[in-house]
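[1] Task: produce atomic coordinates for the following.
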Amino acid sequence: MTAEANPEHIRSLMMGYQKTAALRAAVDLRVFTAVGGGATSVEMIAAKCNASQRGIRILCDYLVIEGLLAKENHNYRLTPDSAALLDERSPGYMGGMLQFLNARRFWEAAMGLTETVRSGHTTLGEGIAGDEAEEWVAFARHMQPMALGPAQFMAQLVLAERQPKRVLDIAAGHGLYGIAVAQLAPDAVIAAQDWPKVLTVAKENADAAGLGHRYQLLPGSAFSVELGSGFDLVLITNFLHHFSEQTCVGFLKKVRAAMQPGGRLLTLEFIPNDDRVTPARAAAFSLNMLLQTRDGDAYIESELLDMLNAAGFTSHRVVAVPNSPEKAIVSYVT
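    Down below sits the predicted model:
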């Protein structure tokens, strides 16, 4: 006897876009902040959020169903997760991440996935990796909550061996990785490379951390800008997955030429197991790269090590990053 098929999972996938749309609307309307600030009834929330009572009632009830609000006697309150992560007054606020993760072009690319699978390339032309897309400014401004823990871990990983003096931060974005190193290495000077508009965010963060005098800017494409030489530490965080293996090898050779003997390269990546389906978050990142880049991928460990070896790096350590789907690779220059 065969078990009766359960359509609920399939139905949930078919309607999954509504979950994202509801979260985006609640963040845009500042519903969680309103509820956290004491607006607990439909009337109070609607007034605070400048929205219709009908719309707020239906949206808030849906958020209760999804576990982001609780409801009792027709009044709403935050759950522990929404209080910590979706109330703008919380230091752990993550709502701004939707400005990048839920960007309009990414929605459009997702709608074109059928054609992308047929062609093997994104519908976004060359993708977002190789140009000064506005999404990268949104990334720098709003994705910082996801980088705080990994940045601090990677800085400690670096400092456990020795303190660097000249640090190159490739595709620096918000700058948190280089800043975290500078905070633990008082003699380190950071050269941050990224698009000019993105570097304004990194420089703001460096100045706010009191590190502006040790923070230099290298604006432009990582592939064409002159990197300089003599770096004893290079950071490449969440960058290689945007490009083909051949492109990565060529770029890593450029980085290798900018480093001094004894230098270290610290790479951060989503690295699935060899089966490419576990662990789930790292493996699923491949779909992001299919949707948003021309040739990128979530590379398995052996592929990344082959690229690094081909570029002239001679030995490596692979380290899991706590509370993150990513892994760090420390590579050495002899």
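[2] how much space between A129 and D87?
    Separation of A129 from D87 (C-beta to C-beta, to the nearest Å) stands at 33 Å. From N, CA and C alone the C-beta is placed, and that goes for glycine too.
[3] swap in A22?
    17 Å.
[4] just V167 next, same as before
    35 Å.
[5] Settle it for me: which of those two has more neighbours?
    V167 (24 against 20; other C-beta atoms under 10 Å).
[6] And this protein, split by domain according to the record?
    Listed by automatic domain parsing, the domain ranges of the chain are 8-92, 134-332.
[7] Identify the single longest helix in the chain, thanks.
    The longest helix of the chain (DSSP state H) is helix 144-159.
[8] Check which helices and strands that one sits against.
    helix 176-184, strand 231-237, strand 259-270, strand 326-332 (3 or more C-beta pairs under 8 Å, 6 or more residues apart in numbering; DSSP states H and E).
[9] Apply 6 Å and report the result again.
    helix 176-184 (3 or more C-beta pairs under 6 Å, 6 or more residues apart in numbering; DSSP states H and E).
[10] If you count neighbours, what's buried in the helix it packs on?
    Neighbour-count burial for helix 176-184 flags 176-183 (criterion: 16 or more other C-beta atoms under 10 Å).
[11] I'd like these laid out as TSV, including pLDDT and distance to E269.
    Listed next are these as TSV, based on pLDDT from 0 to 100; distance: C-beta to C-beta, whole Å:
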residue	pLDDT	distance to E269
L176	98	17
Y177	98	13
G178	98	17
I179	98	20
A180	97	18
V181	97	18
A182	97	22
Q183	97	23
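[12] Next, the spatially most central residue of the chain: phi, psi?
    Centroid check for the chain by C-alpha atoms, centre = their mean gives M143 as the closest residue, at 5.8 Å. Note on M143: backbone dihedrals following degrees, to the nearest 10 are phi -90, psi 10.
[13] list the contacts for it?
    97, 100 (C-beta atoms under 6 Å, 6 or more residues apart in numbering).
[14] for the buried residues of helix 176-184, which one is nearest D306?
    Proximity of the buried residues of helix 176-184 to D306 (C-beta to C-beta) peaks at Y177, which lies at 24.2 Å.
[15] Report the separation between the closest one and P219.
    Separation of Y177 from P219 (C-beta to C-beta): 18 Å.
[16] Strands of the stretch 51-200 of the chain, residue ranges please.
    Remark: strands assigned in the stretch 51-200 of the chain by DSSP state E, counting those that start in this stretch are 69-72, 75-78, 166-170, 189-194.
[17] Turn the ones you listed into a markdown table, including mean pLDDT and distance to D297.
    Listed next are those as a markdown table, based on pLDDT from 0 to 100; distance: least, C-beta to C-beta, whole Å:
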| stretch | mean pLDDT | distance to D297 |
| --- | --- | --- |
| strand 69-72 | 98 | 38 |
| strand 75-78 | 98 | 38 |
| strand 166-170 | 98 | 19 |
| strand 189-194 | 98 | 22 |
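[18] Which among the ones you listed is found nearest to I271?
    Here strand 166-170 is closest among the strands of the stretch 51-200 of the chain (C-beta to C-beta), at 17.8 Å.
[19] That closest one packs against which elements?
    Against strand 166-170 (3+ C-beta pairs under 6 Å, 6+ apart) you get helix 176-184, strand 189-194, strand 231-237.
[20] Need the winner for burial among the strands of the stretch 51-200 of the chain.
    strand 166-170 (a mean of 26; mean count of other C-beta atoms under 10 Å).
[21] Direction-wise, compare that strand with helix 144-159 and give the angle.
    In terms of direction (axes from the mean of the first three to the mean of the last three C-alpha atoms, to 10 degrees), strand 166-170 departs from helix 144-159 by 150 degrees.
[22] Look up phi and psi at K165.
    Per degrees, to the nearest 10, the backbone of K165 is at phi -110, psi -40.
[23] Return the residues in contact with it.
    187, 232.
[24] ok, now with 8 Å
    By C-beta atoms under 8 Å, 6 or more residues apart in numbering, K165 lies in contact with 185, 187-189, 232.
[25] Roughly how far does it sit from S41?
    59 Å.
[26] Now do the SS call for A46.
    Following DSSP: H, G, I helix; E, B strand; the rest coil, we place A46 in the helix state.
[27] is it true that it touches C60?
    No. Look at A46 against C60 with C-beta atoms under 8 Å: they stay out of range, at 9.5 Å.
[28] returning to that earlier point: can you tell me which of the buried residues of helix 176-184 is closest to A282?
    Of the buried residues of helix 176-184, the one sitting nearest to A282 (C-beta to C-beta) turns out to be Y177, at 18.7 Å.
[29] just to revisit the earlier point, ok, of the contacts of K165, which come out buried?
    Buried among the contacts of K165 (16+ other C-beta under 10 Å): 185, 188-189, 232.
[30] what's the closest of these to E134?
    Nearest to E134 out of the buried ones among the contacts of K165 is V189 (C-beta to C-beta; 29.7 Å).
[31] Can you verify my assumption that that closest one contacts L211?
    No. Counting by C-beta under 8 Å, V189 sits too far from L211 to count as a contact (9.7 Å).
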